[in-house]
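Novice: Sequence and predicted structure below; questions after.
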Amino acid sequence: MSAEGLIKSTLSLIEEIEATVECLVSQREALTSGRLSDIQGLLQNVRHVAVKAQEAERDRHLKAVALAKQLRCDPSAQAIALRLPEDEAASLASAAKRLDIVVRKLRSELEIYGRLLEESSTLGELLISRWREIGNGFGGLRGGFEVRG
């Protein structure tokens, strides 16, 4: 296992996470602007890119573990970089830093999206409750008008 393979794998994971974030942002924008017809397709896109990101993470992890075993260190970017030549260590550290940044963006977007879903759910429950009250109000008012044959 080479450091170059781990670096490439990490960069690939970054691309997949960025694609996932883009899909989540599109889905959030569709949700907030009321484009409900777009959400189903966007859900499928999110699912697809999330699976690809999970596969990329699995690949990166396996390469990190293999390289760490070869170098006799922990499978963390920092520990591996300490045992690499300076140029490879710098490339790995740079990729790890970029990965950390995109993971933070992903977590942030997931938090925002989660809050939007909670708000949407609360609003939906409130609307259903109000419609039931209105419906019961009309059902209880008979007035003097009857419709019988």
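Specialist: Noted; the coordinates are in hand.

Novice: going forward, measure contacts between C-alpha atoms and count neighbours the same way
Specialist: OK.

Novice: Leaving out chain neighbours, which residue sits closest to K69?
Specialist: P75 (7.7 Å; Cα to Cα, 6 or more residues apart in numbering).

Novice: For the one you found, give me the pLDDT.
Specialist: Listed pLDDT for P75 reads 95.

Novice: quick one, what contacts it?
Specialist: Taking Cα atoms under 8 Å, 6 or more residues apart in numbering, we find P75 in contact with A64, V65, L67, A68, K69.

Novice: Of those, just the buried ones, ChimeraX syntax please.
Specialist: A single ChimeraX command is used to select the members of the contacts of P75 judged buried by 16 or more other Cα atoms under 10 Å:
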select :64,65,67,68
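
Novice: helices or strands up against the longest helix belonging to the chain?
Specialist: Criterion DSSP state H: the longest helix present in the chain is helix 86-140. Counting contacts by 3 or more Cα pairs under 8 Å, 6 or more residues apart in numbering; DSSP states H and E, helix 86-140 packs against helix 3-33, helix 77-82.
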